[in-house]
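Participant: Just the structure for this:
(2 chains)
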Amino acid sequence: MTIIKRGFAALAAGALSAALAMPAVAEPVKFDFWFGLSGDLARVVDTLCKNFNASQTDYEVVCTSQGNYDATLQNTIAAFRAGKQPAVVQVYDVGTATMMLSGAYKPADKLMEENGYKIDYADYFPGIARYYATSKGEMLSFPFNSSTPLMYWNKDAFAKIGKTEAPKTWEDVAADLQALKDVGYECPMAINISANESWQLMEQFSALHNQPVATKNNGYDGLDARLEVNKTKFVQYVTDLKKWYDAGLIKIKSKDLGQDMVQAFASGTCQVILTSVGDHGTVGKTQKEGMNWDVAELPVYAGTERKNSLVGGASLWVLSGKSDAEYKGVAAFLNFIHDPKTALFWSTNTGYIPVTKSGFDYMKSTGFYDKAPYKGREVAIASLTASEPTEITRGVRLGNFTQIRAEFGTQMQAIFANKVSVQEGLDTLVKNGDAILDRFQQTYPGKTLP
Amino acid sequence: MEKRVTFGSWTIGILFAVPQLLLIFTFFYWPAGQAVYWSLTLQQPWGGGNVWVGLDNFRSILSNADYWNSITASLVFAAISTGLAMFVALVLAALTDRQLAGSRFYRVVLIWPYGIAAPALALAFRFILAPEAGFLSVINRMWPGIWDPGLDGADAMASIIVAFSWKYVGYNFIFFLAAFQAIPRSLIEAAAMDGSGVVRRFWDIQFPLITPTIFFLLVINITESFQDSFGIVDIMTSGGPANATNLMVYKIYSDGFKGLDFSGAAAQSIILMVLIIVLTIFQFRFIERRVHYQ
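Facilitator: Numbers count the residues shown, from 1 in each chain, chains lettered A, B, ... in the order given. Next up is the predicted model:
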């Protein structure tokens, strides 16, 4: 059957190329790479692909943006079920558990080994490597675009209350916000409370304070992990946020309301925000003329021993069912991305941070972090490496985590709209989140996380 | 003796029907059948296998308070947006039919909204209704905090109802206007000569004569409000705040595609399908009785 099919294909190809010159013998091996970035970032990825294709003649990567992370995962699943999957796909951080159980991938570390590339996995920042590694430390996928949240603060506004440094504890933040309000700032701090902000408000806060999001070491040790954010320090945090919101120290800013928090900060409307280092470039490009601002690590409560923050972003998964020739190309591509020079190109053109120590050192040696637009981004590395990752600051590995984040948004909105108390809202979050985890576990009977 | 043209063989008839049947089967019955099958299993998203769970998916959905909240929200949305879209369209069509000054202009302009894709119009309404930067910010300046779709569920629901109705006013308007213009002028002129006013003529002549159109639009509007609301909800509220606008069709999307819970989403679409069928049967059974076809 395949012979007949191939015969037809050959005939068709022959007919097509009859009029043309015969193709060169060494046609490069083509493989697909699907990614979830759009706009400016997609153009940077395209350039990255072009650079790879220009760097050698054996392989050609075809890079296709699928619009966003959700769509990339959905389209890849649909393509995989139809047997038309790309060779490499970018999957966002919270999709890691789903990918690990999919049985649809080729382990990245094995791939590199088979094709004779030596990757020093100890070179990855531990906070980044552990997020994507199995509980035993194997790298099933390659960290790609990585970020971590920072506190952006308006130096001009803080100067008015006699401060030249960013607050380090939440207690100081509260006092500073009150002072900012007292000198007439309408919006001392902006937050948003949708599903997306689960990242900086719940996941990162818990990591910095060494508090679990879920049992079983945040899910690393089994599919039977269940949420427990309704009895950690997170409860106090939400209580405080709500209190500050009620006191007018915090305003909610979202795109749906006309202005998101990054815009609110860049325009000088709001003086403090918590967002990804990935927005560093956007703030720089869109800021109000002459505004002085800086970034700092996220605050912690007084008396807390600060732990590392978590990495956000996505990693590259190699999918199964491709030919050896294609896998050779993929390995070369991953090796290219791993190169410190690519790290410099990547971080210069996006707000993302380098994922390896050698990449970071190389960037430091080129003076990247001394120049104005990029200065400050090294704080992200400091935040990520504040400590060796503990059992619960490796990351969060829960099934269907996208839905749990959605539930976070729902309950936070209910809390802030005074529909439920903080404790009630978080209890509901845990209850509904556990139902989602239950369902995920039932979908994969007898399977365990690697 | 009546003469009839008949075809001797069944085969020809069936052959003629085959392309259509094939299309319906491929694009409707087959996927619908798959959805039923999926709703009775737990599907692994990557196709690694599935577990037969019988009616468990339905049980867990129907015992979930969020799902009932979603059904209520959908029914409220359907009722108010259908009522609003039809009422406004009816008034506009009645006025246009009276050939007031500029009615030719209105006739063209009022049809446009239906031609705009739901996400595009949702984006426009998001700007218009934004509490801080939009046109409605004036209200907030007078009474701070009165309009807040970001946290107030009722405000968010009002936003999507307005956006959806705005689109369907255009659609309904075309049908109403056509129905009004199909009424013989002589009837209305005769009534006018007998001394009945505009309102009287509307209620006694025009309204009864357009009931078939009203009924048709009622069925279409309610059905569409369950299905076509997706783009508007996705852009304007994403189902929030606190699930206040998490309509059934949006919940299917977010559970299925964002949450990769294909089985739960399949079960929800079966329930949605049944609900729409029941509503439509209800309308044909009870409301159509009051419709006078000419």
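Participant: which bits of chain A sit near chain B?
Facilitator: A:70, A:73-74, A:77, A:80-81, A:98, A:101-104, A:194-195, A:252, A:254, A:256-259, A:400, A:402-403, A:406, A:409-411, A:413-414, A:416-417, A:419, A:432, A:435-436, A:439, A:442-445 (CB under 8 Å from any CB of the partner chain). From N, CA and C alone the C-beta is placed, and that goes for glycine too.
Participant: List the contacts of residue A:362.
Facilitator: Contact partners of residue A:362, counting by CB atoms under 8 Å, 6 or more residues apart in numbering or on different chains, are A:340-341, A:343-344, A:354.
Participant: and those as CSV, adding secondary structure, neighbour count and distance to residue A:144?
Facilitator: Formatted as CSV, the entries for these read as follows, by DSSP: H, G, I helix; E, B strand; the rest coil; neighbours: other CB atoms under 10 Å in any protein chain shown; distance: CB to CB, whole Å:
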residue, secondary structure, neighbour count, distance to residue A:144
A:340, helix, 19, 15
A:341, helix, 13, 16
A:343, helix, 22, 11
A:344, helix, 18, 15
A:354, coil, 26, 11
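Participant: Now tabulate the residues you listed in a markdown table and tack on pLDDT.
Facilitator: Below are the contacts of residue A:362 laid out as a markdown table (pLDDT from 0 to 100):
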| residue | pLDDT |
| --- | --- |
| A:340 | 88 |
| A:341 | 88 |
| A:343 | 87 |
| A:344 | 89 |
| A:354 | 91 |
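Participant: Please identify which pair of these lies farthest apart.
Facilitator: Using CB to CB, the two most remote members of those are A:341 and A:354, lying 10.9 Å apart.
Participant: Next, count neighbours for residue A:371.
Facilitator: Counted with other CB atoms under 10 Å in any protein chain shown, the neighbours of residue A:371 add up to 10.
Participant: Show the backbone phi and psi for it.
Facilitator: Recorded main-chain torsions at residue A:371 are phi -80, psi 160, according to degrees, to the nearest 10.
Participant: Now do it, the pLDDT please.
Facilitator: Per-residue pLDDT puts residue A:371 at 82.
Participant: who's in contact with it?
Facilitator: For residue A:371, no residue meets the contact criterion (CB under 8 Å, 6+ apart).
Participant: That one and chain B, how far apart?
Facilitator: To chain B, residue A:371 is 34 Å away according to CB to the nearest CB, to the nearest Å.
Participant: dump the residue contacts of residue 133.
Facilitator: Went with chain A since none was named. A:139-140.
Participant: actually it's chain B I care about, not the one you picked
Facilitator: Contact criterion CB under 8 Å, 6+ apart gives A:258-259, B:127 as the residues in contact with residue B:133.
Participant: Surely it is in a strand?
Facilitator: No: checked against DSSP: H, G, I helix; E, B strand; the rest coil, residue B:133 lies outside a strand; its state is coil.
Participant: Give me the distance between residue A:447 and residue A:363.
Facilitator: Between residue A:447 and residue A:363 the computed distance is 40 Å (CB to CB, to the nearest Å).
Participant: Compare the two (neighbour count), which wins?
Facilitator: Legend: neighbour count by other CB under 10 Å for residue A:447 and residue A:363, higher for residue A:363 (23 against 15).
Participant: So which residues of the chain form strands?
Facilitator: All of this is about chain A. A:29-35, A:59-65, A:88-92, A:105-106, A:142-147, A:149-154, A:187-191, A:250-252, A:270-276, A:293-296, A:312-319 (DSSP state E).
Participant: actually chain B
Facilitator: Assigned strands in chain B, in chain order: B:41-43, B:50-52 (criterion: DSSP E).
Participant: Can I get those in a markdown table including distance to chain A and mean neighbour count?
Facilitator: Output for the strands of chain B, formatted as a markdown table (distance: least, CB to the nearest CB, whole Å; neighbours: other CB atoms under 10 Å in any protein chain shown):
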| stretch | distance to chain A | mean neighbour count |
| --- | --- | --- |
| strand B:41-43 | 5 | 21 |
| strand B:50-52 | 6 | 13 |
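Participant: If I average pLDDT within each of these, which one is lowest?
Facilitator: Within the strands of chain B, the stretch with the lowest mean pLDDT is strand B:50-52, showing a mean of 88.
Participant: what does it contact?
Facilitator: Where contact means CB under 8 Å, 6+ apart, the residues beyond strand B:50-52 that reach it are A:442-443, A:445, B:38, B:40-44, B:263.
Participant: number of nearby residues for residue B:241?
Facilitator: The burial metric for residue B:241, expressed as a neighbour count using other CB under 10 Å, is 29.
Participant: pretty sure it is touching residue B:152, no?
Facilitator: Yes: with contact defined as CB atoms under 8 Å, residue B:241 reaches residue B:152; the gap is 7.2 Å.
Participant: contacting residues around whatever residue of the stretch 251-400 of chain A ends up closest to chain B?
Facilitator: Residue nearest to chain B within the stretch 251-400 of chain A (CB to the nearest CB): residue A:258, separated by 3.2 Å. Counting by CB under 8 Å, 6+ apart, residue A:258 makes contact with B:127, B:130-134, B:137.
Participant: wait, which of the contacts of residue B:133 is closest to residue B:89?
Facilitator: Taking CB to CB as the measure, residue B:89 lies nearest residue B:127 of these, at 24.2 Å.
Participant: Spell out which residues sit in contact with the closest residue in space to the closest one that isn't next to it in sequence, please.
Facilitator: Setting aside the residues directly before and after it, residue B:127 is nearest to residue B:134 in space (CB to CB, 6 or more residues apart in numbering or on different chains), at 5.5 Å. For residue B:134, the contacting residues are A:258, B:126-128, by CB under 8 Å, 6+ apart.
Participant: Export the residues you listed to JSON lines and append columns for distance to residue A:319 and pLDDT.
Facilitator: As requested, the contacts of residue B:134 are arranged in JSON lines below (distance: CB to CB, whole Å; pLDDT from 0 to 100):
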{"residue": "A:258", "distance to residue A:319": "41", "pLDDT": "77"}
{"residue": "B:126", "distance to residue A:319": "37", "pLDDT": "88"}
{"residue": "B:127", "distance to residue A:319": "41", "pLDDT": "86"}
{"residue": "B:128", "distance to residue A:319": "44", "pLDDT": "88"}
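Participant: Please indicate which of the residues you listed are buried?
Facilitator: For the contacts of residue B:134, a neighbour count by 16 or more other CB atoms under 10 Å in any protein chain shown gives the buried set as A:258, B:126.
Participant: tell me what the longest helix seen in chain A is packed against?
Facilitator: Taking DSSP state H as the criterion, chain A has its longest helix at helix A:422-443. Helices and strands in packing contact with helix A:422-443 are listed as helix A:234-246, helix A:401-416, strand B:41-43; criterion 3 or more CB pairs under 8 Å, 6 or more residues apart in numbering or on different chains; DSSP states H and E.
Participant: go with 10 Å
Facilitator: The helices and strands touching helix A:422-443, judged by 3 or more CB pairs under 10 Å, 6 or more residues apart in numbering or on different chains; DSSP states H and E, are helix A:96-102, helix A:234-246, helix A:401-416, strand B:41-43, strand B:50-52, helix B:56-62, helix B:65-97, helix B:262-282.
Participant: out of the ones you listed, which comes closest to residue A:63?
Facilitator: In this view, the helices and strands packed on helix A:422-443 are compared for proximity to residue A:63 by CB to CB, and helix A:96-102 is the closest at 19.6 Å.
Participant: Now that closest one - C-alpha only, PDB.
Facilitator: Taking only C-alpha atoms (Å, rounded to 0.1, in the frame of the first residue of the first chain), the coordinates of helix A:96-102 have been written out as PDB:
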ATOM      1  CA  THR A  96       4.100  20.500  31.200                       C
ATOM      2  CA  ALA A  97       2.100  17.900  33.200                       C
ATOM      3  CA  THR A  98      -0.300  17.300  30.300                       C
ATOM      4  CA  MET A  99       2.700  16.800  27.900                       C
ATOM      5  CA  MET A 100       4.400  14.400  30.300                       C
ATOM      6  CA  LEU A 101       1.400  12.100  30.300                       C
ATOM      7  CA  SER A 102       0.700  12.500  26.600                       C
END
